[in-house]
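Enquirer: okay, sequence plus prediction incoming.
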Amino acid sequence: MISIDWNKVLHQLEYDKNNPLLFNNGFFVYFLVVFMVFYYLFRKNYKHRAVVLSLFSLYFFYKASGTFVWIVIVSAFFNYGISNLIYKAKTKGWKAFHLFWSIIFNLVLLFYFKYTDFFIQVLNNVSQFKIDPLHILLPIGISFFTFENLSYTIDIYRGEIKPEKGIVNYVLFLSFFPKLVMGPIVRAKDFIPQLKQDYFVSSHDFSKGFYLIITGLIKKLIISDYISVNLVNYVFDGPHLHNGLECLVALYGYAIVIYCDFSGYSDVAIGISKWMGITIPPNFMSPYQSKSVSEFWRRWHISLSSWLRDYLYIAMGGNRKGTFRTNVNLFLTMLIGGFWHGASWNFIIWGALHGIGLGVNKFWNALFGKMKVFPKWISNTFYGLITFHFVCFCWIFFKASSFETALQFLHQIGYQFTFDGGVEFVENYKIVLVMIAIGYAIHLIPDSVPEKIIEKQKNFPLIYFVVLLLSFIALYSFFKSAEPVMPIYLQF
């Protein structure tokens, strides 16, 4: 007779700060299976589906972040209530008044958890007063659902949507577990209407969801994690211990690490959503194929860049007030975008560099945009390499733990570059180098190829998907690191 230790079962169901629930957590497999069973049982009634999905989403957030789940709930109820006040207000002034308090509430919540210790440190550095840091823990995903709350109330203020009547749908919009922790940032006007549609998952949807989940996990759990653990992390932790060649390879490695990490997680979120009959737009479109900084931001973290464009850049005047003001608006937008990523001067520098890059990009296009001196493929290759290396240069400040570490990293590349020991380096890191090459090869696959695979495999029998899944598990078990590697964007 099999005996069940219910204490252990209950312990597994509780939040564990040392083992938060994420897509790379073994418990997630059980969570997803149980959820899909319940979701399918209630598939015919969208209200029942919404309740089931909301409860599972809130539980997911509890397992990922503990009691911080109450922040999502309180935030949802507040923004749900104030959005109705904005909509019902009779005058523009009252609408603006309610919107003002919506913005204040959301930003104060974000600033308290994310930036309080940063500003305490700044104050300590510039004044004689010394305040002890509060060491406030950052709720997972707060940056993402804050932007979703703001887009919702702003869209209602602009008259683009009407407020949602059911609180459950709004809670679900905010807490939807595939995207809650690390995005993509979705908008209510795109998401909520899908909740009310009849549940339908075509063979193409299932095939695409499976493809995105498997390839996303490969990018995150195998390629990104392996390169991080075996090269990138310890080179960036002590760049002075490595020569310029090793630092440069680690930089190229980090470029593919952050792409595979974040795009992989986004792909899994989009793939799981597909299985629920919900479509979330792609968040990455081969960004390192970009031939300009502007194009890079149309391909990288699309949900964030489009949010910054629609609710910040355009609100500041966009390109409607002359060239100088346009460049100022671009710079400020990217500066704020950098600060959104984290309470660190390095993120601010990273954002400022991209703001300058966008300005230079516009200036260059104005002067030489219509000139065609070289064949198109030569120009595209040249601009592509320039853009890629500019982005990599900026990644140094994004990854480095401090400004001094970033400068040391640059010093090693600029003044300590040598091929001495290059043969030994290749021999010692040959698997890492192969992983980096595979990462870039995946990135360079034309968009038409995945669609052809998705279209073909939709007609394959179930055994095909089972074998593919088991093959991935075997591959993952071979490359799995001793300690789980937390997703990079988890800190934002």
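Expert: All right, it came through fine. These numbers were taken from a predicted model, which means no experiment stands behind them.
Enquirer: give me the residues contacting stretch 379-394.
Expert: Stretch 379-394 is contacted by residues 251-252, 255, 287-293, 295-296, 350, 353-354, 357, 372-374 when judged by C-beta atoms under 8 Å, 6 or more residues apart in numbering. All C-beta spots, glycine's among them, are computed from the backbone N, C-alpha and C.
Enquirer: buried ones among these?
Expert: Applying 16 or more other C-beta atoms under 10 Å to the contacts of stretch 379-394, the neighbour count classes 251-252, 255, 287-293, 295-296, 350, 353-354, 357 as buried.
Enquirer: now, which of those residues sits nearest Gln197?
Expert: Gln197 lies nearest to Pro287 out of the buried ones among the contacts of stretch 379-394, by C-beta to C-beta, at 31.3 Å.
Enquirer: check what pLDDT the closest one gets.
Expert: pLDDT for Pro287: 95.
Enquirer: same question, the one 5 residues further on
Expert: pLDDT, the model's per-residue confidence, is 94 for Ser292.
Enquirer: quick one: it and Phe363 touch, right?
Expert: No - contact status for Ser292 versus Phe363: not in contact, 11.8 Å apart, counting by C-beta atoms under 8 Å.
Enquirer: does His204 touch Lys458 like I think?
Expert: Yes - using C-beta under 8 Å, His204 is in contact with Lys458, at 5.3 Å.
Enquirer: for the protein, which segments count as strands?
Expert: Applying DSSP state E to the chain gives no strands.
Enquirer: pull the longest helix from it.
Expert: Looking across the chain with DSSP state H, the single longest helix is helix 92-126.
Enquirer: and it, what's its mean pLDDT?
Expert: When pLDDT is averaged over helix 92-126, the result is 92.
Enquirer: returning to that earlier point: and of the buried ones among the contacts of stretch 379-394, the nearest to Glu404?
Expert: Nearest to Glu404 among the buried ones among the contacts of stretch 379-394, counting by C-beta to C-beta, is Trp350 at 15.4 Å.
Enquirer: ok, the closest one to Val69 distance?
Expert: From Trp350 across to Val69, the span is 31 Å (C-beta to C-beta, to the nearest Å).
Enquirer: same question for Lys90.
Expert: 36 Å.
Enquirer: those two: who's more crowded?
Expert: Between Lys90 and Val69, counting by other C-beta atoms under 10 Å, Val69 is the more crowded of the two (21 against 7).
Enquirer: who touches the more buried one in this structure?
Expert: Leu58, Phe61, Tyr62.
Enquirer: can you report how many residues lie near the second one?
Expert: Around Phe61 sit 28 other residues, with neighbours defined as other C-beta under 10 Å.
Enquirer: the closest residue to it other than its chain neighbours and Tyr80: what is the separation?
Expert: Residue nearest to Phe61 in three dimensions, not counting chain neighbours: Val69, with 4.8 Å by C-beta to C-beta, 6 or more residues apart in numbering. For Val69, the distance to Tyr80 (C-beta to C-beta) stands at 17 Å.
Enquirer: equivalent analysis for Ser127, please.
Expert: 41 Å.
Enquirer: those two: which is more packed in?
Expert: Tyr80 (22 against 9).
Enquirer: that one and Glu164 touch, don't they?
Expert: Yes - with contact defined as C-beta under 8 Å, Tyr80 and Glu164 form a contacting pair (7.2 Å).
Enquirer: shared neighbours of the two, which are they?
Expert: Residues touching both Tyr80 and Glu164 (C-beta under 8 Å, 6+ apart) are Tyr170.
Enquirer: and the helices in the stretch 301-450 of the chain?
Expert: For the stretch 301-450 of the chain, applying DSSP state H, counting those that start in this stretch gives helices covering 302-308, 323-341, 345-368, 376-399, 403-415, 422-428, 430-443, 448-457.
Enquirer: kindly apply the preceding question to the stretch 51-200 of the chain instead.
Expert: Using DSSP H, counting those that start in this stretch, helices in the stretch 51-200 of the chain cover 69-88, 92-126, 142-157, 167-175, 177-180, 188-195.
Enquirer: in the longest one, which residues are buried?
Expert: Spelled out, it's helix 92-126. 95, 98-99, 102, 105-106, 109-110, 113-115, 117-118, 120.
Enquirer: the closest residue in space to Lys63 that isn't next to it in sequence - how many residues pack around it?
Expert: Distances taken as C-beta to C-beta, 6+ apart put Leu21 closest to Lys63, at 3.5 Å, once the chain neighbours are dropped. Using other C-beta under 10 Å, Leu21 has 22 other residues around it.
Enquirer: same question, Val423
Expert: For Val423, using other C-beta under 10 Å, the count is 9.
Enquirer: quick check: which ranges of the stretch 251-400 of the chain have low pLDDT?
Expert: Counting by pLDDT under 70, the stretch 251-400 of the chain has low-confidence residues at 369-371, 373-374.
Enquirer: I'd say Lys362 and Asn327 touch.
Expert: Yes - using C-beta under 8 Å, Lys362 makes contact with Asn327 at a distance of 6.7 Å.
Enquirer: residues contacting Val467?
Expert: By C-beta under 8 Å, 6+ apart, the contact set of Val467 is empty.
Enquirer: could I get the buried residue list for stretch 205-223?
Expert: In terms of neighbour count (16+ other C-beta under 10 Å), stretch 205-223 has its buried residues at 205-223.
Enquirer: now stretch 46-53
Expert: Under the neighbour-count criterion of 16+ other C-beta under 10 Å, stretch 46-53 has Tyr46, Arg49, Ala50, Val51, Val52, Leu53 buried.
Enquirer: kindly reformat those residues as a markdown table containing pLDDT.
Expert: As requested, the buried residues of stretch 46-53 are exported to a markdown table (pLDDT from 0 to 100):
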| residue | pLDDT |
| --- | --- |
| Tyr46 | 88 |
| Arg49 | 91 |
| Ala50 | 92 |
| Val51 | 93 |
| Val52 | 93 |
| Leu53 | 93 |
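Enquirer: could the helices of the stretch 301-450 of the chain go into TSV alongside distance to Phe145?
Expert: Formatted as TSV, the helices of the stretch 301-450 of the chain follow (distance: least, C-beta to C-beta, whole Å):
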stretch	distance to Phe145
helix 302-308	12
helix 323-341	13
helix 345-368	20
helix 376-399	22
helix 403-415	30
helix 422-428	43
helix 430-443	29
helix 448-457	29
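Enquirer: any idea which of those helices gets closest to Pro282?
Expert: Each of these was scored for nearness to Pro282 using C-beta to C-beta, and the closest is helix 302-308 (6.7 Å).
Enquirer: mind giving me the packing neighbours of the closest one?
Expert: Packing partners of helix 302-308 (3 or more C-beta pairs under 8 Å, 6 or more residues apart in numbering; DSSP states H and E): helix 142-157, helix 323-341.
Enquirer: close enough to count as contact, Leu85 and His98?
Expert: Yes - Leu85 is in contact with His98 according to C-beta under 8 Å; the separation is 4.5 Å.
Enquirer: quick one: residues contacting Leu470.
Expert: With C-beta under 8 Å, 6+ apart, Leu470 has no contacts at all.
Enquirer: model confidence for it, exactly?
Expert: Per-residue pLDDT puts Leu470 at 89.
Enquirer: cool, and Leu444?
Expert: 85.
Enquirer: ok, the nearest residue to Lys480 once chain neighbours are set aside - contacts?
Expert: Leaving aside its sequence neighbours, Lys480 sits nearest to Leu221 (C-beta to C-beta, 6+ apart; 7.5 Å). The neighbours of Leu221, taking C-beta under 8 Å, 6+ apart as the test, are Asn24, Gly264, Tyr476, Phe479, Lys480.
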